[in-house]
Every structure is written in C-alpha cells, then in structure tokens.
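Engineer: Fold the following, please.
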Amino acid sequence: MEAIIEYISRNQQEFYVFILAIFVGIEVISKVPTVLHTPLMSGSNALSGVVIVGSIIVLGKTDPANYLALSLGFLAVLLATLNVVGGFAVTNRMLEMFKKKPGKK
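Structural biologist: Got it, this is the predicted structure:
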C-alpha cells in the first residue's frame, strides 16, 4: 500500500492532468450534435488501427516467457480489431441509410 501512495505522490501532476482530461473530454463529447456522432466514431477507428499496429509491434518484442505481457498484448490486438471491424460495420450501415432507393422516385 505504501508503494501505491508513493507512486501517486511522485506522479501527482500526471494524475491531475489525467483527471482534467476526463472532464474536458466529457464536456466536449456532450456538445457534439447527434448528426456528427457517427462520422467522428469512424475517425476514431483509425486510432484503433494505430493501436493494432502498436500492440503487434510490442507483442513481437515481448519475451516469450512473459505470459502476462503476451496475454495482454493478444487481448489488445483482439479488442482493437473488434473495435475497428464493428466501427466500420456501423459506418457502412449509416452510409446505406443515405443512399437513394432504386425503385422510389
């Protein structure tokens, strides 16, 4: 327990910045109109792609005997891949809504 308290006291500014970033993020996201939500989520899929590449690189440099790091790296690749695939599926469905139907005039 003492090690945790010492870690927090050494990194107090980083925790403050992290907490403030949470509040700023919530405030910014709450002001986004509903119409822009899906295009912004599609843009965040690109960030998940970066997470996939980064986690694959880190996973490739991990010691084979470190099962915890290998498990967490695999989980990061898996979840980021699911996020990208799901995000593009949702974006595709949204774009289908804006296409004109061929039979209707």
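Engineer: Now the element after the lowest-mean-pLDDT helix or strand in the chain, going C-ward?
Structural biologist: Counting by mean pLDDT, DSSP states H and E, the chain has its least confident helix or strand at helix 34-60, which shows a mean of 79. Using DSSP states H and E, the helix or strand that follows helix 34-60 towards the C-terminus is helix 67-97.
Engineer: That following helix packs against which elements?
Structural biologist: helix 34-60 (3 or more C-beta pairs under 8 Å, 6 or more residues apart in numbering; DSSP states H and E). Placement of C-beta: from N, CA and C, glycine included.
Engineer: tell me what the helix it packs on is packed against?
Structural biologist: Applying 3+ C-beta pairs under 8 Å, 6+ apart, we find helix 34-60 packed against helix 67-97.
Engineer: from the middle of its chain, how far away would the helix it packs on be?
Structural biologist: Taking the mean of its C-alpha atoms, helix 67-97 sits 9 Å from the chain's own mean (C-alpha atoms, centre = their mean, to the nearest Å).
Engineer: Compute the inter-axis angle for it and helix 34-60.
Structural biologist: For helix 67-97 against helix 34-60, the angle by axes from the mean of the first three to the mean of the last three C-alpha atoms, to 10 degrees is 150 degrees.
Engineer: State the distance from the residue nearest the centre of the chain to Y7.
Structural biologist: Closest residue to the average C-alpha location of the chain: S48 at 5.3 Å, with C-alpha atoms, centre = their mean. In this view, S48 and Y7 are 29 Å apart by C-beta to C-beta, to the nearest Å.
Engineer: cool, and K31?
Structural biologist: 34 Å.
Engineer: do the same with S30
Structural biologist: From S30 over to Y7 the distance is 32 Å, taken as C-beta to C-beta.
Engineer: Among those two, which residue is more densely surrounded?
Structural biologist: Y7 (11 against 7; other C-beta atoms under 10 Å).
Engineer: For the more buried one, which three-state class applies?
Structural biologist: Three-state assignment for Y7 (DSSP: H, G, I helix; E, B strand; the rest coil): helix.
Engineer: need the contact list for S48.
Structural biologist: Contacts for S48 (C-beta atoms under 8 Å, 6 or more residues apart in numbering) come out as 80, 83-84, 87.
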